[in-house]
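Visitor: Mind looking at a prediction? Sequence and model below.
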Amino acid sequence: MIKNLDFESIRPYKDSEIQEVLERLKNEATFLELIKFIYPDFPLQEFLNKLSQISSIKDFQHEVIYPYVKEILKNTTKGVFSSGLENLDPNQSYLFISNHRDIVLDSAILNILFVEQGFETTEIAIGDNLLIYPWITDLVKLNKTFIVKRNAPVRQMLANSKLLSAYIRHAISERNQGIWIAQREGRSKDGDDRTQVSLLKMLNMSGEKDFAQNVSDLNIVPVSISYEYDPCDYLKALEFLYKRDNPDYHKTQSDDLKHMGAGLNGRKGRVHFAFGTPLKKELQPLNDIPKNDQFQALAELIDDQIHNNYKLWPGNFVSHDIIANDNHFAHKYTAEEKDTFLAYINEHLSRIEGDRDFLYHSLMEMYANPVKNFYNE
């Protein structure tokens with residue numbers, strides 16, 4: 001096992017570092033502007049005085065992050081619901097692998113649920129491509145976030161992957177600290193949630209036992225995240241259009257900030273988190289198949305739970321019927337629900353310009369794909 005000291009470049013902040021970091025943030029003009037924006041009714045100096053009294057990461061999460069996220073959810077959702085968490089042990093650490101819809105809120109809502117259900121919050125994986133300013137790095141590392149280093153030369157990427165793998169295994173096995181990581185690099189923009197084999201290969205790098213035991217030690221729990229409305233759907237559709245017209249297109253840092261803002265402030269309807277069961281007994285047979293097939297088989301085990309536990313909303317079924325040009329799932333929604341969903345889609349289409357047929361079809365597929373995966377179409 002890599003020594004703890006080797007994790008310095010990626011680990012979250014510790015309690016002993018919190019005041020030094022907060023002092024740095026208090027002198028960052030952009031951070032202060034952000035605070036005035038997200039806490040408009042809270043006098044800035046009073047908020048800064050409150051920060052001075054925070055002495056632990058737990059305090060920071062409970063007194064700063066928690067109330068802000070709760071306010072976001074109150075204003076932009078019709079409720080957050082969960083299932084399956086009652087079957088997990090709050091005294092155990094798990095590696096939660098989920099589908100990925102929203103840059104900020106997926107893990108933020110997860111930790112809100114944990115706080116309210118008596119679980120310790122998880123540490124959160126975040127790509128360094130999102131750490132646009134130093135103060136963002138400070139802020140996320142105060143919120144139990146560790147860094148996934150991307151876009152390095154091949155040799156350095158291998159070293160980064162080994163370090164990340166060791167950190168995750170160390171957190172779960174030796175510190176009893178839960179971890180959240182998305183099932184793939186970046187969000188699934190078309191709603192077709194598939195676990196990336198390269199992610200699983202990274203996780204296995206730090207294992208020293210047979211394949212099944214290496215995976216079992218991580219205590220993997222698949223999680224299905226379902227937003228009735230994805231507030232970034234029109235931005236994702238627009239990205240598909242840009243890539244269609246220019247295969248070399250890549251999002252900019254400004255685009256990432258736009259997606260973050262839309263995800264936080266846009267309406268989401270109902271939100272559901274479904275917690276699966278830890279992968280244990282299903283793993284032993286994986287030792288008996290060719291090594292090259294083990295990771296794909298593991299990905300399929302994770303995907304099966306994510307697909308089967310996904311909460312399907314009326315709009316998902318409406319989209320599926322529109323794409324299929326039939327009424328197969330008409331019993332799953334009312335005429336009013338269909339009208340409401342299509343009005344939402346048209347309103348989001350009105351925010352962007354381009355090939356309207358392509359954009360419309362992209363949005364329909366985004367919402368229809370979870371239905372296809374649920375029914376194994």
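Guide: Here it is on my side, so go on.
Visitor: now the strands for the protein?
Guide: Using DSSP state E, the strands of the chain run over 77-83, 95-98, 123-127, 145-148, 179-182, 220-227, 269-275.
Visitor: all helices of the stretch 201-350 of the chain, in order?
Guide: 211-218, 233-245, 253-265, 291-308, 314-324, 335-349 (DSSP state H, counting those that start in this stretch).
Visitor: Nearest approach to Phe374 belongs to which of these?
Guide: Closest approach to Phe374 among these is made by helix 291-308 (5.7 Å; CB to CB). Where C-beta positions appear, they are placed from N, C-alpha and C, glycine not excepted.
Visitor: Just the mean pLDDT for the closest one, thanks.
Guide: Mean per-residue pLDDT for helix 291-308: 97.
Visitor: follow-up on the earlier one: how about the strands of the chain in JSON lines, adding distance to Val104, mean neighbour count and mean pLDDT?
Guide: As requested, these are exported to JSON lines (distance: least, CB to CB, whole Å; neighbours: other CB atoms under 10 Å; pLDDT from 0 to 100):
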{"stretch": "strand 77-83", "distance to Val104": "14", "mean neighbour count": "16", "mean pLDDT": "98"}
{"stretch": "strand 95-98", "distance to Val104": "14", "mean neighbour count": "25", "mean pLDDT": "98"}
{"stretch": "strand 123-127", "distance to Val104": "10", "mean neighbour count": "21", "mean pLDDT": "96"}
{"stretch": "strand 145-148", "distance to Val104": "11", "mean neighbour count": "22", "mean pLDDT": "96"}
{"stretch": "strand 179-182", "distance to Val104": "12", "mean neighbour count": "25", "mean pLDDT": "98"}
{"stretch": "strand 220-227", "distance to Val104": "13", "mean neighbour count": "24", "mean pLDDT": "98"}
{"stretch": "strand 269-275", "distance to Val104": "13", "mean neighbour count": "21", "mean pLDDT": "98"}
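Visitor: Which one of these lies nearest to Glu23?
Guide: strand 145-148 (19.6 Å).
Visitor: What strands line up against that closest one, and which way round?
Guide: strand 123-127 (parallel) (DSSP bridges).
Visitor: Give me the contacts around the partner strand.
Guide: 12, 107, 111, 140, 143-148, 150, 171, 177-182, 185-186 (CB atoms under 8 Å, 6 or more residues apart in numbering).
Visitor: returning to what we had before: return the most buried member of the helices of the stretch 201-350 of the chain.
Guide: Neighbour counts (mean count of other CB atoms under 10 Å) averaged over each of those peak at helix 314-324, with a mean of 21.
Visitor: on contacts alone, who are the packing partners of that helix?
Guide: In terms of contacts (3 or more CB pairs under 8 Å, 6 or more residues apart in numbering; DSSP states H and E), helix 314-324 is packed against helix 335-349, helix 356-374.
Visitor: Now tabulate those in CSV and tack on mean pLDDT.
Guide: Formatted as CSV, the helices and strands packed on helix 314-324 follow (pLDDT from 0 to 100):
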stretch, mean pLDDT
helix 335-349, 98
helix 356-374, 98
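Visitor: just so I know, which of the ones you listed lies nearest Lys58?
Guide: Closest of the helices and strands packed on helix 314-324 to Lys58 is helix 356-374, at 34.7 Å (criterion: CB to CB).
Visitor: count of residues packed around the closest residue to Ala297 other than its chain neighbours?
Guide: Closest residue to Ala297 apart from its sequence neighbours, by CB to CB, 6 or more residues apart in numbering: Leu286 at 5.5 Å. Leu286 has 19 neighbouring residues, counting by other CB atoms under 10 Å.
Visitor: Roughly how far does Leu286 sit from Gly191?
Guide: 28 Å (CB to CB, to the nearest Å).
Visitor: And for His170?
Guide: Taken as CB to CB, the span from His170 to Gly191 is 34 Å.
Visitor: And Glu208, by the same measure?
Guide: Applying CB to CB, the value for Glu208 to Gly191 is 37 Å.
Visitor: Who has more neighbours out of the two?
Guide: Gly191 (24 against 9).
Visitor: In contact with the more buried one, which residues?
Guide: By CB under 8 Å, 6+ apart, the residues touching Gly191 are 365-370.
Visitor: Which phi and psi values does it adopt?
Guide: With angles defined as degrees, to the nearest 10, Gly191 sits at phi 80, psi 0.
Visitor: nearest spatial neighbour of it, skipping sequence neighbours?
Guide: Sequence neighbours aside, Asn369 is the residue nearest to Gly191 in space, at 3.8 Å (criterion: CB to CB, 6+ apart).
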